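Novice: next comes the sequence, and after it the predicted model I'd like to discuss.
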Amino acid sequence: MLKKKINIIFAGTTMFSLIHVQNIFSTHHSIKAILTKKSSIHFQKKNNIVQNFAIKNKIPYFLFENFKHKETYKTLKNFSADLLIVVSYGLLIPQKILKLFPKGAINLHASLLPRWRGAAPIQWAILSGDKETGISAFYMKKTLDTGNILYSLKCPIEKKDTYITLYSKLLIVSLQVLYQILYIIEKNITPKIKKQNLKYVTYAPKIFKKNTQIYWNQSAKKIERQIRAFYPSPNSFFLLNGIRIKVLKTIIKKKEKTKKYQIGEIIAANKKGIFIQTKKNILILKKIQIENKKSMDVFEVLNSKKKWFLPGLILQ
């Protein structure tokens, strides 16, 4: 029996997107065109990875800056695609375009919607100390991440998860969701559609480097989550004598009751790490990266920079 082929337009820009389009390409379904986005870095003239995939496999691709032009609508309509799949694309798609696809326009989003709508759901889940997250496949509307959920799968967040480890786990979950929705659509299975409960909406705005500075007047627990959320990029940092120092790995030590330290005070700096008093409990820096230097374990840094981290110094 012949398998039913779905004609798909795929929209995506990142490495997360690339893995999905590669997996769709390996199935019996047909990718009619790819939508991707130009780099936001003004001097970046190279093709992005999804664009390169399209070129290599001779798939028509488009780098729309927006969807305002009439020709854009006509171009996409002419492909007569059944389905639009969007994974980490980066542009809002208007309702007029979404209506072109008889089997729907489906976005795979890295959270359990309606929690963490927006650009940085993985980071915000870690920052907030969530115990779980997941992947939601939802029917797109003109507003951001608001559509009804077609299918979702959960993923636990472990205490030591960083952005990169959780990203890797979610990628596996997302591919499972992708295959499931393709199966549902191919077999014309009526899914259990779930509306998003507006009482539980939270937002995950884009992370900028200025948001990653460490402030010691927060608890050690909160700072430690911040460091994991932004590892390996853009990384959390603090300033010492005007020099940016990235913090890559830490552990928390409960506050000692024998002596009171000031917030931001370096308590000790030795082979076990750099001990810093926070608003609540002590944070031990285990691995750091001084600006324009390679990342190093703290005991290596102290071999040449011990005077930078003298006990009693108050970090701002």
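Specialist: Arrived safely, thanks for sending.
Novice: next helix or strand past the longest strand anywhere in the chain?
Specialist: If you go by DSSP state E, the chain has its longest strand at strand 243-253. Using DSSP states H and E, the helix or strand that follows strand 243-253 in sequence is strand 266-270.
Novice: tell me the buried residues in that following strand?
Specialist: Buried residues in strand 266-270, counted by 16 or more other Cβ atoms under 10 Å: 266, 267, 269. For every residue, glycine as well, the C-beta is placed using N, CA and C.
Novice: state the mean pLDDT of that strand.
Specialist: Average pLDDT, strand 266-270: 96.
Novice: give me the helices and strands touching it, please.
Specialist: Applying 3 or more Cβ pairs under 8 Å, 6 or more residues apart in numbering; DSSP states H and E, one finds that strand 266-270 makes contact with strand 273-277, helix 298-305.
Novice: dump the ones you listed into a markdown table; add mean pLDDT, distance to residue 70 and mean neighbour count as well.
Specialist: Below are the helices and strands packed on strand 266-270 laid out as a markdown table (pLDDT from 0 to 100; distance: least, Cβ to Cβ, whole Å; neighbours: other Cβ atoms under 10 Å):
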| stretch | mean pLDDT | distance to residue 70 | mean neighbour count |
| --- | --- | --- | --- |
| strand 273-277 | 97 | 59 | 24 |
| helix 298-305 | 95 | 59 | 16 |
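Novice: where exactly do the strands run in the chain?
Specialist: Under DSSP E, the chain gives strands at 7-12, 30-35, 61-62, 83-87, 105-109, 132-139, 149-156, 236-240, 243-253, 266-270, 273-277, 282-290, 296-297.
Novice: redo those strands as CSV? Include distance to residue 22.
Specialist: Converted to CSV, these look like this (distance: least, Cβ to Cβ, whole Å):
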stretch, distance to residue 22
strand 7-12, 10
strand 30-35, 10
strand 61-62, 14
strand 83-87, 11
strand 105-109, 14
strand 132-139, 17
strand 149-156, 20
strand 236-240, 32
strand 243-253, 30
strand 266-270, 47
strand 273-277, 41
strand 282-290, 32
strand 296-297, 36
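Novice: quick revisit: quick one, the longest strand of the chain and strand 266-270 angle?
Specialist: 90 degrees (axes from the mean of the first three to the mean of the last three Cα atoms, to 10 degrees).
Novice: hang on, the earlier thing: so which of the helices and strands packed on strand 266-270 gets nearest residue 26?
Specialist: Among the helices and strands packed on strand 266-270, the nearest to residue 26 by Cβ to Cβ is helix 298-305 (44.1 Å).
Novice: possible to save the buried residues of strand 266-270 as CSV with distance to residue 94?
Specialist: Formatted as CSV, the buried residues of strand 266-270 follow (distance: Cβ to Cβ, whole Å):
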residue, distance to residue 94
266, 54
267, 56
269, 56
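Novice: sorry, back to before: now for the strands of the chain, which one comes closest to residue 178?
Specialist: Among the strands of the chain, strand 105-109 comes nearest to residue 178, with 6.4 Å by Cβ to Cβ.
Novice: could you check the angle the closest one makes with strand 7-12?
Specialist: Using the same axes, to 10 degrees: strand 105-109 against strand 7-12 is 40 degrees.
Novice: and the residue nearest to residue 313 when sequence neighbours are not counted, what does it touch?
Specialist: The shortest distance from residue 313 to any non-neighbouring residue, by Cβ to Cβ, 6 or more residues apart in numbering, is to residue 266 (4.7 Å). Residue 266 makes contact with 274, 275, 276, 309, 310, 311, 312, 313, 314, 315, according to Cβ atoms under 8 Å, 6 or more residues apart in numbering.
Novice: which parts of the stretch 101-250 of the chain are helices?
Specialist: In the stretch 101-250 of the chain, the helices defined using DSSP state H, counting those that start in this stretch lie at 121-127, 163-186, 220-229.
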